[in-house]
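**Q** What follows is a protein structure lacking sequence information:
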């Protein structure tokens, strides 16, 4: 009876400590950062997105607003306002970093854990490129009059 | 140190876990709508005709249903987010942490206020 028995530990797997330490070292930079952006994006999404969806996408079909309230003229009149452009940038970036992180974890929860690197690259890739495109369309394109060929 | 690993499909075994996962899907819908907004900005930059085509597509009955579903998921996601803020990290401004119900109520009041401000500053009022 010299060998100590493993403690009864349902739901736990015995993992080599060195391997855990190595993995933790690799994850210590990226994981807290994406969780932080997820949390920040969650705040932005919760406070700003319901009112945005309601008035930009539902008010006109529901008959609460006349169609010209979301028409080209109304948009063009408000878009030069710095605050309006900043609002769109923040809502798009926040929504993407919140939702794409969540999507990665939904895929992992569905059991597709082996392809995690692929999910991470795809999800954060969409979030990063989408946010960069939003920077372009909110602050660069109106100044220079170009448009991105791929988006 | 024994890291715990969730078995695959853990969220299918209990209705509460399933509801949690449905709530989280609301976060993904937030990202989808962010892409819609990005598309809207893109079409706007292309000029009046492109923007009108975008609006015509968004105005079809099918897209109205999609938008309504996105809105419903995002709304549930937002309200449950307000409820969990005071639970995940109790707000400790006073000696005793503020009960989560009070943090929830405060968040709801702030949300309504912020929504009204956004309506008037960004979307030009009612």
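**A** Received, thanks. Note that the structure is predicted; figures quoted are calculated from it, not measured.
**Q** tell me, how many neighbours does residue B:14 end up with?
**A** Neighbour count of residue B:14, defined by other CB atoms under 10 Å in any protein chain shown: 10. All C-beta spots, glycine's among them, are computed from the backbone N, C-alpha and C.
**Q** Over to residue A:103?
**A** 21.
**Q** That one: what's it in contact with?
**A** Counting by CB atoms under 8 Å, 6 or more residues apart in numbering or on different chains, residue A:103 makes contact with A:119, A:123, B:27, B:28, B:31.
**Q** Check those and tell me the two furthest apart.
**A** Spanning the widest gap among the contacts of residue A:103 are A:119 and B:27, at 14.8 Å by CB to CB.
**Q** check which helix or strand covers the residue of chain A found nearest chain B.
**A** Nearest residue of chain A to chain B: residue A:99, at 2.4 Å (CB to the nearest CB). Using DSSP states H and E, residue A:99 sits within helix A:82-109.
**Q** How about that helix, which residues are buried there?
**A** Using 16 or more other CB atoms under 10 Å in any protein chain shown as the test for burial, helix A:82-109 gives A:84-85, A:87-109.
**Q** sorry, back to before: residue A:119 and residue B:27 - which one has more neighbours?
**A** Set residue A:119 next to residue B:27 and count neighbours by other CB under 10 Å: residue B:27 wins out with 26 against 18.
**Q** Report the residue spans of chain A with pLDDT below the cut-off.
**A** A:1-17, A:19-20, A:22-28, A:142-151 (pLDDT under 70).
**Q** Name the helix or strand for the closest residue to residue B:107 other than its chain neighbours, please.
**A** Spatial nearest neighbour of residue B:107, chain neighbours left out: residue B:82 (3.6 Å); criterion: CB to CB, 6 or more residues apart in numbering or on different chains. In the assignment (DSSP H and E), residue B:82 maps to helix B:61-88.
**Q** what angle do that helix and helix A:82-109 make?
**A** Here the directions of helix B:61-88 and helix A:82-109 differ by 80 degrees (axes from the mean of the first three to the mean of the last three CA atoms, to 10 degrees).
**Q** Report all helices and strands that helix B:61-88 contacts.
**A** helix A:17-53, helix B:15-45, helix B:100-121 (3 or more CB pairs under 8 Å, 6 or more residues apart in numbering or on different chains; DSSP states H and E).
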